[in-house]
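[1] I would like to see how this sequence folds:
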Amino acid sequence: IGDLFNDGHMDIVVTALNGKARILRNVTSNGNHWATLQLVGNKSNRMAIGAQLKVTTEDGASQFDMVSTSAGYGASRDPRAHFGLGPFKTVKQLELRWPSGVRQVLRDLPADQIHRIVEP
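    Numbering: from 1, shown residues only. Prediction:
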């Protein structure tokens, strides 16, 4: 599972033993906004596996994610964190807890972008 085409839509790749991989491309168009966060660790591991994220939108609603490549038994996911923002054009606040224990807060990130965030 992941945004294979970097267009804000989550896509799926499905495989079966001895079969060809199939891509299920998400081509929906609904006007909603999104933000993807690619974390780069310095003190933490380079891929920031284990980092905890909290995104708060303009209406005060919060979403949570943890950076990982696992998505269940025999499945994997994009290590970037993806958040659907609905009608909102900014991430009002992003709270990050890096695996090293470092805490970071960013504000007013624009929507519909992939943000590369390096551990301070």
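[2] quick one, what contacts the residue positioned nearest the centre of the chain?
    By CA atoms, centre = their mean, the chain has its centre lying nearest to Ala81, at 1.5 Å. Ala81 sits next to 36-37, 39, 53, 65, 67 when contact means CB atoms under 8 Å, 6 or more residues apart in numbering. For every residue, glycine as well, the C-beta is placed using N, CA and C.
[3] how does it look with 6 Å?
    37, 53, 65 (CB atoms under 6 Å, 6 or more residues apart in numbering).
[4] Dump those to CSV, plus distance to Tyr73 and neighbour count.
    Below are the contacts of Ala81 laid out as CSV (distance: CB to CB, whole Å; neighbours: other CB atoms under 10 Å):
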residue, distance to Tyr73, neighbour count
Leu37, 26, 24
Leu53, 24, 19
Asp65, 20, 15
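[5] returning to that earlier point: backbone dihedrals for the residue nearest to the centre of the chain, both of them.
    phi -90, psi 130 (degrees, to the nearest 10).
[6] hang on, the earlier thing: which one among the contacts of Ala81 gets closest to Trp98?
    Leu53 (10.1 Å; CB to CB).
[7] what's in contact with the one helix or strand the closest one maps to?
    Assessed by DSSP states H and E, Leu53 sits inside strand 52-56. Here strand 52-56 makes contact (CB under 6 Å, 6+ apart) with 62-66, 81, 83, 91-97.
[8] ok, now which residue in this protein is the farthest from the centroid?
    Max radial position in the chain (CA atoms, centre = their mean) goes to Asn18, at 30.6 Å.
[9] Give the helix, strand or coil label for it.
    coil (DSSP: H, G, I helix; E, B strand; the rest coil).
[10] contacting residues around it?
    Asn18 touches nothing, counting by CB under 6 Å, 6+ apart.
[11] Ile49 now?
    Val67.
[12] Give the burial count for Lys89, as a bare number.
    11 (other CB atoms under 10 Å).
[13] Just give me the closest of the contacts of Ala81 to Arg103.
    Of all these, Arg103 sits closest to Leu53, with 11.5 Å by CB to CB.
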